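*Asks:* Please find the sequence and the predicted model below.
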Amino acid sequence: MKQWPTCRTTLRLNHVKRGAESHHVVPPAVKADGVSILFKETSPSVSGLLHELDSGDLGLPDIQRPFVWNATKVRDLIDSMYKGFPVGYHLFWETPPSERGSKGIGLESKGQEPKRLIVDGQQRLTSLYAVMRGKPVLDDEFKNMTIEIAFRPRDSRFEVTSAAIRKDPEYIPSISDV
């Protein structure tokens, strides 16, 4: 099976410009002309991001909207990643534990407060988590939603799993099982 590419990620650090009332909660990653850089670019692997979601190190702020993508959009994301197309950046926020109001992705409790919160990229990361881990997620009506994506190796085609695809021997009915 093909190796999944890395995701381009921007990690927001909790820094402010130097000035009379400014301070740094976390030491700055880079300085340019006496001003702290607000962002740091990283390139975690898909498996690394999924591990952080599993462990609860990466989560959603309470203010984040619910998961709204349909299965076709999720299929298109998986297909784009498989083909090596860019799928956008993720924006994470590191914040002290006392300032977090957050939840994990998926339905099960992670047992800890996330260290980083997803500011941008929730739909993509929730999609990956649901499909690659085979876990249900909450949709925009707060109902359990399971997303299954099928794969046909002959022509590298992804489809939303249906009854017809389950019966077709050319398809792997759920890539979660691979």
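*Replies:* Cool, the structure landed. Keep in mind the model is a prediction, meaning the values are calculated, not measured.
*Asks:* so residue 151 is in which element?
*Replies:* Following DSSP states H and E, one finds residue 151 within strand 149-152.
*Asks:* For that strand, give me every contacting residue.
*Replies:* 71, 74-75, 78, 131, 157-161, 165-166, 168, 170-176, 178 (C-beta atoms under 8 Å, 6 or more residues apart in numbering). Placement of C-beta: from N, CA and C, glycine included.
*Asks:* now the helices for the protein?
*Replies:* Remark: helices assigned in the chain by DSSP state H are 46-55, 71-82, 122-133, 163-167.
*Asks:* on that earlier part again, can you say which of the contacts of strand 149-152 are buried?
*Replies:* For the contacts of strand 149-152, burial is judged from neighbour counts taken by 16 or more other C-beta atoms under 10 Å, and it is met by 71, 74-75, 78, 131, 158-161, 165, 171-176.
*Asks:* Next, the contact list for residue 160, please.
*Replies:* Residues counted as contacts of residue 160 (C-beta under 8 Å, 6+ apart) are 71, 72, 74, 75, 147, 148, 149, 150.
*Asks:* Am I right that residue 71 is in contact with residue 137?
*Replies:* No. Between residue 71 and residue 137 there is no contact under C-beta atoms under 8 Å: 11.6 Å.
*Asks:* Please enumerate the shared neighbours of these two.
*Replies:* residue 147.
*Asks:* Where does pLDDT dip in this protein?
*Replies:* Within the chain, the stretches with pLDDT under 70 are 1-39, 96-111.
*Asks:* Find the residue closest to residue 123 in space, skipping its chain neighbours.
*Replies:* Once flanking residues are discounted, residue 123 sits nearest to residue 69: 5.0 Å by C-beta to C-beta, 6 or more residues apart in numbering.
*Asks:* got a list of what that neighbour touches?
*Replies:* Contact partners of residue 69, counting by C-beta under 8 Å, 6+ apart, are 123, 126, 127.
*Asks:* Same question for residue 131.
*Replies:* Contacts here follow C-beta under 8 Å, 6+ apart; on that basis residue 131 touches 74, 78, 147, 148, 149, 175, 176.
*Asks:* can you redo these as a markdown table with distance to residue 55?
*Replies:* Shown next, in a markdown table, are the contacts of residue 131 (distance: C-beta to C-beta, whole Å):
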| residue | distance to residue 55 |
| --- | --- |
| 74 | 23 |
| 78 | 23 |
| 147 | 21 |
| 148 | 24 |
| 149 | 24 |
| 175 | 22 |
| 176 | 19 |
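*Asks:* Tell me the one of those nearest residue 112?
*Replies:* Among those, residue 176 lies closest to residue 112 (C-beta to C-beta), at 24.5 Å.
*Asks:* any idea how far the nearest residue to that closest one once chain neighbours are set aside is from residue 50?
*Replies:* In this structure, residue 176 finds its nearest non-sequential neighbour in residue 134, 3.2 Å apart by C-beta to C-beta, 6+ apart. Remark: distance between residue 134 and residue 50 (C-beta to C-beta, to the nearest Å) = 12 Å.
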